[in-house]
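Below: sequence and its predicted model.
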Amino acid sequence: MPLFLTVDDMRIDKYLKVSRLIKRRTVAHDAAEEERIFLNGKAAKPSAQVKAGDEILIRFGNSEMKVRVLSTPEHVTKDGASALYEVISQ
């Protein structure tokens, strides 16, 4: 039995919140609007669809974090959030 129910794809702003890469969905939405979120090498709009295998680059001030999406569940516990992605570079 899976740990969580996954969906085929999810909005990037919601994924960043569910995975706890960004604490609030509104912050994720604003970051995407300001072109600080990149999906597979292209600037992502807040409504961009994320699926397993995609790569997300997040720019935080002077630092960057690149992750690979492993799954896109609707809900996940705090402890399970880090299982949703794999850090490629930090």
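Cool, got the structure.

drop to CA atoms for contacts and neighbour counts, all remaining ones
Fine.

mind listing what V18 touches?
For V18, the contact set (C-alpha atoms under 8 Å, 6 or more residues apart in numbering) comprises P73, E74, H75, V76, A81.

Tell me which two of the residues you listed sit farthest apart.
E74 and A81 (11.3 Å; C-alpha to C-alpha).

The closest residue to R36 other than its chain neighbours pairs with what?
Spatially, and ignoring its direct neighbours in sequence, R36 is nearest to R59 (5.1 Å; C-alpha to C-alpha, 6 or more residues apart in numbering). R59 has these beta-bridge partners by DSSP bridges: E64.

all numbers from here: first residue = 716
Sounds good: first residue 716 from here, last item R774.

Verify the stated contact: R774 with L754.
No: using C-alpha atoms under 8 Å, R774 makes no contact with L754, being 11.8 Å away.

show me where pLDDT drops low in the chain?
716-723 (pLDDT under 70).

Checking the residue nearest the centre of it next. Helix, strand or coil?
Centroid-nearest residue in the chain: L731, 3.5 Å away (criterion: C-alpha atoms, centre = their mean). Put simply, L731 is helix when judged by DSSP: H, G, I helix; E, B strand; the rest coil.

so it sits right up against V742, yeah?
No: in this structure L731 lies outside contact range of V742 using C-alpha under 8 Å: 9.5 Å.

what about the closest residue in space to S797 that isn't next to it in sequence, how many residues close to it?
Nearest non-adjacent residue to S797, counting by C-alpha to C-alpha, 6+ apart: S734, 6.6 Å away. S734 is flanked by 24 other residues according to other C-alpha atoms under 10 Å.

Ok, K781 next?
19.

What segments of the chain are strands?
Applying DSSP state E to the chain gives strands spanning 725-726, 752-754, 757-758, 764-765, 770-775, 778-784, 800-804.

Let me have those strands in a markdown table, extended by distance to K738.
Compiled in a markdown table, the strands of the chain are given as follows (distance: least, C-alpha to C-alpha, whole Å):
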| stretch | distance to K738 |
| --- | --- |
| strand 725-726 | 15 |
| strand 752-754 | 14 |
| strand 757-758 | 20 |
| strand 764-765 | 18 |
| strand 770-775 | 13 |
| strand 778-784 | 15 |
| strand 800-804 | 15 |
